[in-house]
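Participant: Predicted model and sequence follow; I will ask about them next.
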Amino acid sequence: MNISTESASTNNTSPEKWTDEEVNSWFQKKEWLEDWEPTPDASINIRTFAIEYHKNPKRWKQTFSFLKETDLKNLPEGKHELDGEKLFIAVSEYNSKEKADTKYEAHKKYIDIQYLISGEEQMGLTTLDKVKISEPYNAEKDLAFYSFEGGIYQKATSGNFFIFFPEDVHRPCIKTKESTPVKKLVVKLLTE
């Protein structure tokens, strides 16, 4: 039986040991997306994603299946549990804000998948080594705030989504041109 090296490697080893080509191949196949249509943002650390996905594929599949099969436009605001505190979704509605009224943030216990059901906003992105703590980590809220004026800013719409791991510092809710209504869904997936 002739099995390709790529196939053997990705099926028999942990993603930590995959080559960059194997990680990219797994990501680009998008089987993990469960046929959900929005595009993953280019900012996603795909190696970290592959590692986290393979730690608990059942929870990730449950997430993307829910996103594909649910009428997100009519999903009410609030918390929606998919697997208790291990996996839940928070839906919120707000008006996008002035950049000065937003802060960089990061989490330690949860991975965020952020998706705009409607509206648009700018999403600031940077790393922990570039920011200064402005509000220390609150374990109950799994949240720390940071001050930093740099970073990369990406547009978030209903056509794309972001995945933030604990090392990813992000600054959501920033208006694009004008403040507009936004309906956002944030999946909270417990790291393990």
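Facilitator: That came through, no problem.

Participant: quick one, strands of the chain?
Facilitator: Under the criterion DSSP state E, the chain contains strands at 39-40, 78-83, 87-95, 104-106, 110-118, 121-127, 132-138, 143-147, 152-156, 160-164, 168-174, 181-190.

Participant: Adding distance to Glu52, write these out as TSV.
Facilitator: Backbone N, C-alpha and C define where each C-beta goes, glycine included. Compiled in TSV, these are given as follows (distance: least, C-beta to C-beta, whole Å):
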stretch	distance to Glu52
strand 39-40	13
strand 78-83	15
strand 87-95	13
strand 104-106	15
strand 110-118	6
strand 121-127	17
strand 132-138	20
strand 143-147	19
strand 152-156	20
strand 160-164	9
strand 168-174	12
strand 181-190	8
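
Participant: what's the closest of those to Asp71?
Facilitator: Distances from Asp71 to each of these were compared using C-beta to C-beta; the minimum, 10.0 Å, belongs to strand 110-118.

Participant: quick revisit: would you reformat the strands of the chain as CSV and include mean neighbour count, distance to Pro57 and mean pLDDT?
Facilitator: What follows is the strands of the chain, written out as CSV (neighbours: other C-beta atoms under 10 Å; distance: least, C-beta to C-beta, whole Å; pLDDT from 0 to 100):
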stretch, mean neighbour count, distance to Pro57, mean pLDDT
strand 39-40, 15, 17, 98
strand 78-83, 12, 13, 97
strand 87-95, 16, 13, 98
strand 104-106, 23, 25, 98
strand 110-118, 20, 14, 98
strand 121-127, 20, 26, 97
strand 132-138, 11, 29, 97
strand 143-147, 17, 27, 97
strand 152-156, 16, 26, 97
strand 160-164, 21, 15, 98
strand 168-174, 21, 21, 98
strand 181-190, 19, 12, 98
